[in-house]
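Novice: Fold the following and give me the result.
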Amino acid sequence: MFKKTIFRKQQLKFMAFNLIAFTVIFTIFGVIIIGQVQRTLYSKSDEELKSFKEMMIVHPSKGFESPLPDEKMDRLPPYEERQRDRPNPRIIVLKWNKEGKIINQNEIGSSFYESFIQDYPLDKTNIDTITNTTIHNQYHFRYLLFETTDTKGERTYTQLLINTEAEQTIIDNFERLIIICSIIFVILSISASYILSRKMMMPIIHSWNKQAEFVENASHELRTPLTIIQNKLELLLTEPQEKIINKFENIALSLSETRRLSKLTSDLLTLARADSAETQLTKQTIDIDQFIQRVCAPYMEIAESQDKHFWLNLNCNVSMEADEVRLHQLLVILLDNALKYTSDDDSIGVKTYVEDHKVVFEVSDTGIGIKEENMKYIFDRFYREDKARSRETGGMGLGLSIAQWIVTEHNGTITGFQNKHKGTTFKVKLPK
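Specialist: Numbering: from 1, shown residues only. Next comes the predicted model:
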């Protein structure tokens, strides 16, 4: 229950982080898009306002002159120049005196003035800056206000207004679209955050369970030899006057459990370093066949002393880059298992060859073998098919886990399968 509560809290944290991240991303994206759309839509209007201002400063009467008389028609400027200097009909010119009253009512039209501009105030805070404004809180304009002088030299103000109703309609519709899409995306991000948080928790839960299982199994494996050693030592303390020869079995068993405990702690340390990626491989060039023959030499003598047949079939006369110490450890694990789980007159063999441009070696035996349904568990830590039998042989279920780690670090693969008649074969493929 406590574990589930911790996982649930952590999942909610991940979900909240993901949701906040999605929301921030969508918000920034929406603001950037709306700003870009506004700049794009208003860019043409702003250019026209600035051009009109320059035209009025250079030619104050431009755009308000009467048509040219007939005798001057032959001296018209080029068409491109006339088009460039022609005022935009959307632009409305308002001229203000210093008291803030419009002085060009006749030019803008009395109907337009009385309907819209009569109560429009002059705002001098945004001189020479293009600004948005609304008339009657309904009609949208952009304007450019700048200072001018009249014929008497007195200060006046000219305000150029351009209607942006069409642009504003597009922006409003686009903003509504962005808001609707953002709401939809936020709702979708809630689902996505939940799914991602579950995905993120899966390796954490898996690691937690593996760690708990590892600690439990390690504690169990450590407890047994420590209990045996403690009991035997306490028994020796009850008879301090006894001779060593009379307590030989107790001492021998204690030493045996001590060696077993030492090997267990060494294996546990190897796996712990493997999990933390502290152990780095030191690769060097290795002649495969010579290396395997050298490693197998003492095992051939052991097999012979146990009335077992040990054979070699070496067909991989190539070199490869590998960590010699770890590769030696890998072979020792496989050969130890083969010797442990074979009986008199059984055979143990090592075969090497090249397959798919990779170095392959197989360690096979004709021993008791592994059941087909248990093959998928053989590389799990502390897994033993028959715990009672494994304890008799000294197995702790860590050897194949270490073997798999060594092979993985070499970017290879290791698989185990049953022989046709009896026994087990382990096949290792390593890149050259």
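
Novice: quick one: the helices in the stretch 1-150 of the chain?
Specialist: Under the criterion DSSP state H, counting those that start in this stretch, the stretch 1-150 of the chain contains helices at 2-58, 79-85, 105-108, 110-112.

Novice: again, but for the stretch 251-400 of the chain
Specialist: Read by DSSP H, counting those that start in this stretch, the stretch 251-400 of the chain holds these helices, from start to end of the chain: 288-305, 324-340, 387-393, 399-409.

Novice: Compare the helices of the stretch 1-150 of the chain and give me the one nearest Met202.
Specialist: Met202 sits nearest to helix 2-58 of all the helices of the stretch 1-150 of the chain, at 10.2 Å, using CB to CB. From N, CA and C alone the C-beta is placed, and that goes for glycine too.

Novice: if we can go back for a sec, need the helices of the stretch 251-400 of the chain in CSV (columns: mean pLDDT and mean neighbour count).
Specialist: Supplementary listing: those in CSV, determined by pLDDT from 0 to 100; neighbours: other CB atoms under 10 Å:
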stretch, mean pLDDT, mean neighbour count
helix 288-305, 92, 16
helix 324-340, 91, 20
helix 387-393, 51, 12
helix 399-409, 90, 20
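
Novice: can you tell which of these is closest to Ser364?
Specialist: Each of the helices of the stretch 251-400 of the chain was scored for nearness to Ser364 using CB to CB, and the closest is helix 324-340 (7.7 Å).

Novice: and the angle for that closest one with helix 399-409?
Specialist: Orientation of helix 324-340 against helix 399-409 (axes from the mean of the first three to the mean of the last three CA atoms, to 10 degrees) gives an angle of 150 degrees.

Novice: Contacts for helix 324-340 next, please.
Specialist: Contacts with helix 324-340, where a contact means CB atoms under 8 Å, 6 or more residues apart in numbering, come from 281-282, 284, 286, 291-292, 295-296, 299, 302-303, 306, 308, 348, 350, 363-365, 367, 393-395, 399-400, 402-403, 406-407, 409-410, 426, 428.

Novice: if we can go back for a sec, Serialize the helices of the stretch 251-400 of the chain to a markdown table and add fields for distance to Ile204.
Specialist: Written out in a markdown table, the entries for the helices of the stretch 251-400 of the chain read as follows (distance: least, CB to CB, whole Å):
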| stretch | distance to Ile204 |
| --- | --- |
| helix 288-305 | 40 |
| helix 324-340 | 29 |
| helix 387-393 | 30 |
| helix 399-409 | 21 |
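
Novice: Strands of the stretch 51-200 of the chain, start to end?
Specialist: Secondary structure of the stretch 51-200 of the chain (DSSP state E, counting those that start in this stretch): strands located at 91-97, 131-135, 139-149, 155-163.

Novice: how about these in TSV, adding mean pLDDT, distance to Val186 and mean neighbour count?
Specialist: Putting these into TSV (pLDDT from 0 to 100; distance: least, CB to CB, whole Å; neighbours: other CB atoms under 10 Å) gives the following:
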stretch	mean pLDDT	distance to Val186	mean neighbour count
strand 91-97	87	42	18
strand 131-135	88	29	13
strand 139-149	89	30	17
strand 155-163	89	36	19
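
Novice: Dump those into TSV; add distance to Asn173 as well.
Specialist: Supplementary listing: these in TSV, determined by distance: least, CB to CB, whole Å:
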stretch	distance to Asn173
strand 91-97	25
strand 131-135	17
strand 139-149	14
strand 155-163	17
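
Novice: Minimum distance to Asn231: which of these has it?
Specialist: When the strands of the stretch 51-200 of the chain are ranked by proximity to Asn231, the top entry is strand 131-135, at 91.1 Å, counting by CB to CB.

Novice: partner strands of that closest one, parallel or antiparallel?
Specialist: Looking at strand 131-135 with DSSP bridges, its partner strands are strand 139-149 (antiparallel).

Novice: between the partner strand and strand 91-97, how big is the angle?
Specialist: 50 degrees.

Novice: Just give me the longest helix of this protein.
Specialist: Secondary structure of the chain read by DSSP state H shows that its longest helix is helix 165-238.

Novice: relative to strand 139-149, how tilted is that one?
Specialist: Between the axis of helix 165-238 and that of strand 139-149 there is an angle of 110 degrees, by the same axes, to 10 degrees.

Novice: how distant is helix 165-238 from the center of its chain?
Specialist: The chain centroid and the centroid of helix 165-238 are separated by 14 Å under CA atoms, centre = their mean, to the nearest Å.

Novice: Equivalent analysis for stretch 352-361, please.
Specialist: Stretch 352-361 sits 35 Å away from the centroid of its parent chain (CA atoms, centre = their mean).

Novice: Distance across that stretch, terminal residue to terminal residue?
Specialist: According to CA to CA, to the nearest Å, stretch 352-361 extends 4 Å from its N-terminal end residue to its C-terminal end residue.

Novice: How about residues contacting it?
Specialist: Residues from elsewhere that reach stretch 352-361, judged by CB under 8 Å, 6+ apart: 288-289, 292, 313-316, 318, 320, 350-351, 362, 412, 427-432.
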